[in-house]
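Peer 1: pasting a predicted model and its sequence here:
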Amino acid sequence: MGQLVRAWVATFMIAGLSACTTIQLEPLPEGMTDQPPADWQARAARLSQFDHWQLSGKLAVRQPSDSGTAIINHWIQEGEAYDLALSSSFLGMGSTILKGVPGFIELTLPNGETYSSGDPDALMQAATGWQLPLESMTWWIRGLPAPDGDFRLLFDDRGELTMIRQAGWEIRYDRWHALQDSIPALPARITALKEDKRVRVVVSSWQDLTQ
């Protein structure tokens with residue numbers, strides 16, 4: 001029953017991908033198109049159902065106020081709930097744990113102090129100085145637009161997703177991991193840009209937690 005509900009929700013969301021996309025007037029980057037390939041809806045539906053996973057890798061943030069890097073010891077996603085463990089010497093950040101669901105986050109610092117907030121992005125910025133759209137990143141990291149808000153998808157001449165524009169961010173897909181069973185290729189490196197802010201995630205490994 002749970003799998004049936006998940007499949008229905010994924011199908012409903014993907015059916016609205018085109019409807020939610022707003023028309024942009026700026027010219028397309030050279031070599032890109034906003035016309036999705038024929039298999040895009042099927043691919044997006046499979047990626048939406050891929051919502052129990054774990055990855056590890058590196059995070060690099062460059063922003064006017066603060067910049068730095070961190071090791072992603074693990075990023076565990078169980079449906080809407082995430083558990084993100086970062087290690088960094090940046091600002092004495094040490095080992096920091098972020099756990100949350102949409103609209104709520106709990107952040108545990110290396111000294112054991114724990115803070116919670118209904119505004120995940122604001123708490124992340126207050127604790128680390130970094131502006132990270134965490135809730136959107138759970139979608140962008142899979143190569144999907146976040147379900148809330150307008151977006152634009154751009155593809156190259158081979159039909160591969162190269163960019164998502166959403167909420168003022170431009171998410172670029174630089175490399176991909178090979179297919180894993182029935183799961184489409186997953187991002188190996190993404191770069192999210194907004195004005196003078198840049199967030200880069202390099203994924204060293206993906207794991208399907210349903211297996």
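Peer 2: Received, thanks.
Peer 1: from here on, just use CA atoms for contacts and neighbour counts.
Peer 2: OK.
Peer 1: give me the pLDDT for the residue positioned nearest the centre of the chain.
Peer 2: Nearest residue to the geometric centre of the chain (CA atoms, centre = their mean): Met137, 2.6 Å. pLDDT for Met137: 94.
Peer 1: now do the contacts for the closest residue to it other than its chain neighbours.
Peer 2: The shortest distance from Met137 to any non-neighbouring residue, by CA to CA, 6 or more residues apart in numbering, is to Ala146 (7.9 Å). Applying CA atoms under 8 Å, 6 or more residues apart in numbering to Ala146 gives the contacts 136-140.
Peer 1: doesn't Ala146 fall inside a helix?
Peer 2: No: when classified by DSSP: H, G, I helix; E, B strand; the rest coil, Ala146 is found to be coil rather than part of a helix.
Peer 1: now the phi/psi pair for it, please.
Peer 2: phi -70, psi 150 (degrees, to the nearest 10).
Peer 1: ok, it to Leu84 distance?
Peer 2: Per CA to CA, to the nearest Å, Ala146 is found 18 Å from Leu84.
Peer 1: can you tell me the average pLDDT over the helix or strand containing Leu153?
Peer 2: If you go by DSSP states H and E, Leu153 is part of strand 151-155. Mean pLDDT, computed over strand 151-155, is 95.
Peer 1: and the helix or strand that comes right after that strand with strand 151-155, angle?
Peer 2: Counting by DSSP H and E, the next helix or strand C-terminal to strand 151-155 is strand 161-166. Going by axes from the mean of the first three to the mean of the last three CA atoms, to 10 degrees, strand 161-166 is angled at 170 degrees with respect to strand 151-155.
Peer 1: centre of the chain to strand 161-166, how far?
Peer 2: With CA atoms, centre = their mean, to the nearest Å as the basis, strand 161-166 stands 11 Å off its chain's centre.
Peer 1: which helices and strands does it pack with?
Peer 2: On a contact count with 3 or more CA pairs under 8 Å, 6 or more residues apart in numbering; DSSP states H and E, strand 161-166 meets strand 151-155, strand 169-177.
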